[in-house]
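Colleague: structure of the sequence below:
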Amino acid sequence: MPAGKYDFSINTIIGPNTSLKGDINTGGFTRIDGSIMGNVNTAGRIIIGERARLKSDINGTVITIGGVVFGNVIASESLTVLSTALVLGDIITRRIKAEDGCLIHGRVLVCPDNESWEQTVSEYRDAQGVKLALPVFSKNTTS
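Modeller: Numbers count the residues shown, from 1 in each chain. Take a look at the predicted model:
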């Protein structure tokens, strides 16, 4: 089977009682049950378990959140926020399902068509680039 968008042959599991600091980039299905401080990017699906704690921006295709995420979430296909989840950040997705009892504190942008998806994600990434550049400019200015 050729590698592609739905290639599940590379699996990544970050188990309970595991803490990581740094960005994670995977090409397949990823399950997180531990703690991460760093961005999570995958070309596949992501499951964030009930006991997971992330201070991360998360990018994936199909994302399920059951734990705590302090950061922005981009799900190119769909996002499910379980009743045990707490999301403190903005969400961009094509489809969302939020169970009763979950808590989302941030903007939720649902883009059903390709044109609105591309525009919204592009604007988000541009804004993130500006935010990253601001500390550099403020260090170089004098009062």
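
Colleague: am I right that Ala43 is in contact with Gly28?
Modeller: Yes - because the distance of 7.5 Å satisfies Cβ atoms under 8 Å, Ala43 is recorded as touching Gly28. Heads up, the C-betas are built off the backbone N, CA and C, glycines and all.

Colleague: ok, which stretches of the chain are helices?
Modeller: For the chain, applying DSSP state H gives helices covering 114-140.

Colleague: domain assignment for it?
Modeller: For the chain, automatic domain parsing gives the domain ranges 12-110, 113-143.

Colleague: and those domains, which is most packed in?
Modeller: Burial of the domains of the chain is given as mean neighbour count (mean count of other Cβ atoms under 10 Å); domain 12-110 ranks first at a mean of 18.

Colleague: endpoints of it, how far apart?
Modeller: Using Cα to Cα, to the nearest Å, one end of domain 12-110 lies 28 Å from the other.

Colleague: just give the closest residue to Gly60, not the sequence neighbours.
Modeller: Ile46 (4.1 Å; Cβ to Cβ, 6 or more residues apart in numbering).

Colleague: ok, now how distant is the one you found from Ser35?
Modeller: Applying Cβ to Cβ, to the nearest Å, the value for Ile46 to Ser35 is 15 Å.

Colleague: equivalent analysis for Phe29, please.
Modeller: For Phe29, the distance to Ser35 - Cβ to Cβ - is 20 Å.

Colleague: what do you get for Arg95?
Modeller: 28 Å.

Colleague: over to Gly106?
Modeller: 20 Å.

Colleague: same question for Val69.
Modeller: Val69 is 11 Å from Ser35, by Cβ to Cβ.

Colleague: for the chain, which spans come out with low pLDDT?
Modeller: In the predicted model, the chain carries pLDDT under 70 at residues 1-10, 131-132, 134-143.

Colleague: check it and tell me which residue is nearest its centre.
Modeller: Nearest to the geometric centre of the chain sits Ile58, at 1.8 Å (Cα atoms, centre = their mean).

Colleague: could you give the bridge partners of that one?
Modeller: Beta bridges link Ile58 to Val40, Val73, judged by DSSP bridges.
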